[in-house]
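Q: pasting the sequence and the predicted model now:
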Amino acid sequence: MIRPLGIDIGSGSIKLIELQEKKAKLEILKCAINPISGEDIKAGLKDLLALSKPSARRVNISLSGPSVIVRYIEMPPMKKEELRSAIKFEGGKYIPFDINEAILDCAVLDKSPSGNANRVLLVAARKDRVNTCMEIFKESGLDIANIDVDTVAILNAFQRLGLQAKQDNIYAMINIGARFSNMNIAAGAYPYFTRDLLWGGSDITTRVKESLGLNPDEAEALKRNPGERKTELAAVLIPTLEKFISEIRMSFDYFETQFGKNIERLYISGGGAYLFNMQDFLKENLGIEVILWNPFEGINVSDGSGCKEFKNSPGQFAVAMGLGLRK
């Protein structure tokens, strides 16, 4: 069975994953990336489809950024239909834009610590953003099966690996994109904190470009393969990376204060995770184990899928993989 395509529209590129399931085993049929020129998502998507030639026409997509809000709230135990009705009235307390201009959804996670209520995941997205996305895919001849949010898709991809198996295992995940980085903090299988950080790989490229007098392509190439300029590049990047660390620490401190539990390790993914010293820098400054995780792990790869081209940077497909896993 071929699943719907997982297509991740990032701020710098569009990523595609097509999965096939045979006898409960997954296989990657297609794997492709196409850069976005400016804000022309339609052209980028068209080129991506022409490049990858997927079999499926149904697609799972996701949203992130300021137009999407994820909150964890407590609600009394009730039936699913009753919960959805209640959320329409309660949701306005938790989102920063007009509830009449938003699309809401929710899911029960687990019991609250008090045991008298359920922890509920609340997601809200601006209608205009959702409608724009749907129109883009419709014009490309694709049917949308599901609309997710990046942070939930990443959690879906991560949990397939079973790395969260222990219920008391407290961990964080950060997917470092071009303009945004998506963060989850979870205990076992359940997320407790979600946030989009307004920081990404483009901040690094801009810093390198301006400090060293390079054009954007030269700056991008240097930050990934500095060669003999490692020391020079590290010195240039410190102010930008310290800002990133500050944002992470703020979130970690909030979680640890709220829940009284320490984060044990950090898993990183996304294109920005492959910056030459990102993993070591995070480990040294946060004082915890930092793991560069591979969302392709344990999945067969078909010949001609295109995955070999990305064997050194599979983490940039974390969102697309999570979307491709949704049935």
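A: Here it is on my side, so go on.

Q: which residues in the stretch 101-250 of the chain form helices?
A: Taking DSSP state H, counting those that start in this stretch as the criterion, the stretch 101-250 of the chain contains helices spanning 127-139, 150-159, 201-212, 216-224, 230-259.

Q: looking at those helices, which is buried most?
A: helix 150-159 (a mean of 24; mean count of other CB atoms under 10 Å). (Each C-beta comes from the backbone N, C-alpha and C, glycine too.)

Q: tell me what it is packed against?
A: In this structure, helix 150-159 packs against strand 5-9, strand 58-63, strand 170-176, strand 181-187, strand 190-197, helix 318-324, with contacts taken as 3 or more CB pairs under 8 Å, 6 or more residues apart in numbering; DSSP states H and E.

Q: quick one, what contacts the closest residue to Leu155 other than its chain neighbours?
A: Setting aside the residues directly before and after it, Leu155 is nearest to Asn184 in space (CB to CB, 6 or more residues apart in numbering), at 5.4 Å. Shown in contact with Asn184 (CB atoms under 8 Å, 6 or more residues apart in numbering): 151, 154-155, 172-173, 191, 193-194.

Q: circling back: mind putting the helices and strands packed on helix 150-159 in CSV, mean pLDDT included?
A: Shown next, in CSV, are these (pLDDT from 0 to 100):
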stretch, mean pLDDT
strand 5-9, 96
strand 58-63, 96
strand 170-176, 95
strand 181-187, 94
strand 190-197, 92
helix 318-324, 96
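
Q: so what's Pro239 closest to, chain neighbours aside?
A: Excluding the flanking residues, the one nearest Pro239 by CB to CB, 6+ apart is Arg207, at 7.3 Å.

Q: isn't that neighbour right up against Ala235?
A: No. With contacts counted by CB atoms under 8 Å, Arg207 stays clear of Ala235, the gap being 11.1 Å.

Q: I'd guessed Ile263 sits against Ala172; true?
A: Yes. If you go by CB under 8 Å, Ile263 and Ala172 touch, sitting 5.2 Å apart.

Q: need the overlap of contacts for these two.
A: 185, 252.

Q: list the residues that contact the residue nearest the centre of the chain.
A: The residue lying closest to the centre of the chain (CA atoms, centre = their mean) is Asp150, at 4.1 Å. Asp150 sits next to 8, 62-64, 175, 180, 182, 196, 319 when contact means CB under 8 Å, 6+ apart.

Q: which of those sits closest to Val108?
A: Top of the list for closeness to Val108, among these and by CB to CB, is Ser62 at 20.7 Å.

Q: from Gly162, how far off is the closest one?
A: Ser62 sits 22 Å away from Gly162, going by CB to CB, to the nearest Å.

Q: swap in Ile248?
A: The gap separating Ile248 from Gly162 is 25 Å, by CB to CB.

Q: please name the nearest non-neighbouring residue to the residue nearest to the centre of the chain.
A: Spatially, and ignoring its direct neighbours in sequence, Asp150 is nearest to Ser64 (3.9 Å; CB to CB, 6+ apart).

Q: what pLDDT does the model give that neighbour?
A: At Ser64, the pLDDT value in this model is 88.

Q: doesn't Phe180 make contact with it?
A: Yes. Ser64 is within contact range of Phe180, at 5.7 Å (criterion: CB under 8 Å).

Q: give me the common contacts of these two.
A: With CB under 8 Å, 6+ apart, Ser64 and Phe180 have common neighbours 150, 196.
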